[in-house]
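Q: Sequence and computational prediction follow.
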Amino acid sequence: MKTGGYPHSGDLVLAKPHRDDYFSRMGLSEQGLMGRREAVRRVCALLAPLVFMVVFAVAGAALAQPSVTAVRIGAHPESTRFVLDLSENIQVNVFTLADPYRVIIDMPALEWKAGDGGQGEAGETQGLVERYRFGLFQQGNARLVVDLRKPATVRQAFVLPPEAGHGYRFVLDLQATDRASFMKTVQVPPAGPTAQPPAAVQSAPQKRGDSRRTVAIDAGHGGVDPGTISVDGTYEKQVTLAVALELKRQLERSGRYNVIVTRQSDIFIPLGERVEIGRRGKADLFISLHADAIANKDIRGGTVYTLSETASDKEAAALASKENKADIIAGVDLGAQTREVTDILIDLMQRETMNYSIEFATLLIPSMERSMQMRANSHRFAGFRVLKAPDVPSVLIEMGYLSNSQDTRYLNSDQGRREIAAAIAQSVDDYFQRHDSRLSSP
Ligand code: ZN
């Protein structure tokens, strides 16, 4: 359902003033005291700063994003009104998804000035609303995902114009319903933002005869999916991006690697797309960065995961299923995805790839142990979707626990991030040196 219809308030039309207006305003309507040329010159000199100011103001207006200034929820047992206070009118697209029950609100890129609820899982249960998350879904598009406590229909969704001391407001009215009725409303917009594949971010196109190896670095989570959240409010998506960019810097500095990153800003990338970015870039190695959280706050240290259909233990299985829910958290309709990476069978090629992944993991762990805390039994196996490229050796690194205060401090520090990146970069060197020497030996 598409709401809106109000004129976009961001458009600023600059009428070109008729030159005669200036002449008449300045008493220059007739060729009088000075020549026409001189008059034009003087007017231009007077206008120059004015034009500059107008251009500056327009540029400023273009930079200032519309914002959400507050969230208000009016909850009744069977109906809930969800209101966003907006700085200006926006176009909104609303749809629902099942399993779990969600309402997805797509909007242009917005600044969230309404507290924590929009970033993480801090939004508390109110009426039919379990919680909500806000974030960039892709370049130019923000998304709000409202998790429902039970099935509910969207009775109306619209933007209200300013009145009675209120600015623009987005209003979503929810009414409790049964599963069968909800399922009838589930409908993904035909040309939703997911239709456009996100652009892979590559440092430089690899030239012919380029001997550099290509390493893909995947910063876990992002945008509307914050990942794990620490007690001090650190988001996993921030930690993973910071380490990813530091690792990219260190690998590129060596001159030996062409580096691809799956994201370089706070944006959501679906799991399958992360895998595809690595494959399209012909990556020789794929490194996915994450940080975990666990109920026992004393547990700390890093863990390295490689792909296996049978998880090495219950904890690894639970973690993989948690990480694999990233698309659901971001409000991606899994049913609409045409290519399922999960369907790729483990064939001979993948088995060889898995052996290389294990080889990299066995070099990575001692390298990380030299600079940081690792968990006992630090190499584990599970069915992470992001590790399923059949032809790219891949590892997933849980760099530590955001539920542990020491790990959180380390992951939040520049020194910690530099050390983790250096340990990974060292093992990347070790891995390719081994391969190159194997190739050159008779
Ligand atoms: Zn994660």
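A: Received, thanks. Numbering: from 1, shown residues only.
Q: Who are the contact partners of whatever residue of the stretch 201-350 of the chain ends up closest to the ion?
A: The nearest approach of the stretch 201-350 of the chain to the ion comes at residue 290, 3.4 Å away (Cβ to the ion). Where you see a C-beta, it was placed from the backbone N, CA and C, and this is true even at glycine. Contact analysis of residue 290 by Cβ atoms under 8 Å, 6 or more residues apart in numbering lists 220-221, 227, 236, 240, 323, 396-399.
Q: Tabulate those (TSV), appending secondary structure, pLDDT and distance to the ion.
A: TSV is the format used below for the contacts of residue 290 (DSSP: H, G, I helix; E, B strand; the rest coil; pLDDT from 0 to 100; distance: Cβ to the ion, whole Å):
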residue	secondary structure	pLDDT	distance to the ion
220	coil	98	4
221	coil	97	6
227	coil	95	5
236	helix	96	5
240	helix	98	7
323	helix	93	5
396	strand	98	8
397	strand	98	10
398	strand	98	7
399	strand	98	10
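Q: Mark out where each domain of this structure begins and ends.
A: Domains of the chain are assigned by automatic domain parsing as 67-185, 201-440.
Q: Show me what the one helix or strand the residue of the stretch 201-350 of the chain closest to the ion maps to pairs with in its sheet, parallel or antiparallel.
A: In this assignment (DSSP states H and E), residue 290 forms part of strand 285-292. As defined by DSSP bridges, the strand partners of strand 285-292 come to strand 213-219 (parallel), strand 394-401 (parallel).
Q: touching the ion at all, the next helix or strand after the longest one?
A: Read it as strand 394-401. Downstream of strand 394-401, the next assigned helix or strand under DSSP H and E is helix 405-412. No. Contact of helix 405-412 with the ion is not found when judged by Cβ under 5 Å from the ion; the minimum separation is 12.3 Å.
Q: Buried ones in helix 405-412, by neighbour count?
A: Of all the residues in helix 405-412, those buried under the rule 16 or more other Cβ atoms under 10 Å are 407-408, 410-412.
Q: Adding pLDDT, write those residues out as a markdown table.
A: Listed next are the buried residues of helix 405-412 as a markdown table, based on pLDDT from 0 to 100:
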| residue | pLDDT |
| --- | --- |
| 407 | 97 |
| 408 | 97 |
| 410 | 97 |
| 411 | 97 |
| 412 | 96 |
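Q: center of this protein - which residue?
A: residue 267 (2.1 Å; Cα atoms, centre = their mean).
Q: name the element it belongs to?
A: With DSSP H and E as criterion, residue 267 is part of no helix or strand.
Q: ok, it to residue 141 distance?
A: Going from residue 267 to residue 141 by Cβ to Cβ, to the nearest Å gives 9 Å.
Q: Look up the residues that both of these two are in contact with.
A: Residues touching both residue 267 and residue 141 (Cβ under 8 Å, 6+ apart): there are none.
Q: Check which helices and strands the one helix or strand residue 437 maps to sits against.
A: Using DSSP H and E, residue 437 sits within helix 414-440. With contacts defined as 3 or more Cβ pairs under 8 Å, 6 or more residues apart in numbering; DSSP states H and E, helix 414-440 has these neighbours: helix 236-253, strand 285-292, helix 348-369, helix 405-412.
Q: Only C-alpha atoms, please: export the host helix or strand of residue 275 in PDB.
A: Secondary structure assigned from DSSP H and E places residue 275 in helix 271-280. Output of helix 271-280 as PDB, limited to C-alpha atoms (Å, rounded to 0.1, in the frame of the first residue of the first chain):
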ATOM      1  CA  LEU A 271      23.600 -13.000   3.400                       C
ATOM      2  CA  GLY A 272      23.300 -14.500  -0.100                       C
ATOM      3  CA  GLU A 273      24.500 -11.200  -1.600                       C
ATOM      4  CA  ARG A 274      27.600 -11.200   0.600                       C
ATOM      5  CA  VAL A 275      28.500 -14.600  -0.700                       C
ATOM      6  CA  GLU A 276      27.800 -13.500  -4.300                       C
ATOM      7  CA  ILE A 277      30.000 -10.300  -3.900                       C
ATOM      8  CA  GLY A 278      32.900 -12.600  -3.000                       C
ATOM      9  CA  ARG A 279      32.300 -14.900  -5.900                       C
ATOM     10  CA  ARG A 280      31.800 -12.100  -8.500                       C
END
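Q: Residue numbers of the stretch 251-400 of the chain in contact with the ion?
A: Residues of the stretch 251-400 of the chain lying near the ion by Cβ under 5 Å from the ion: 290, 323.
Q: Need the pLDDT of the residue of the stretch 201-350 of the chain closest to the ion.
A: Residue 290 is assigned 98 on the pLDDT scale.
Q: One more: residue 150?
A: At residue 150, the model reports a pLDDT of 93.
Q: and if you look at residue 157?
A: pLDDT for residue 157: 95.
Q: quick one: what helix or strand has it in it?
A: Going by DSSP H and E, residue 157 is in strand 152-160.
Q: neighbouring contacts of that strand?
A: Defining contact as Cβ under 8 Å, 6+ apart, one finds that strand 152-160 is touched by 1, 3-4, 6, 79-80, 86, 89-90, 92, 94, 96, 101, 103, 105, 128, 166, 168-177, 181-182, 185.
Q: Surely residue 287 and residue 220 touch.
A: No. Residue 287 is beyond contact range of residue 220, at 10.7 Å (criterion: Cβ atoms under 8 Å).
Q: higher neighbour count, these two?
A: More crowded of residue 287 and residue 220, by other Cβ atoms under 10 Å: residue 220, with 30 against 25.
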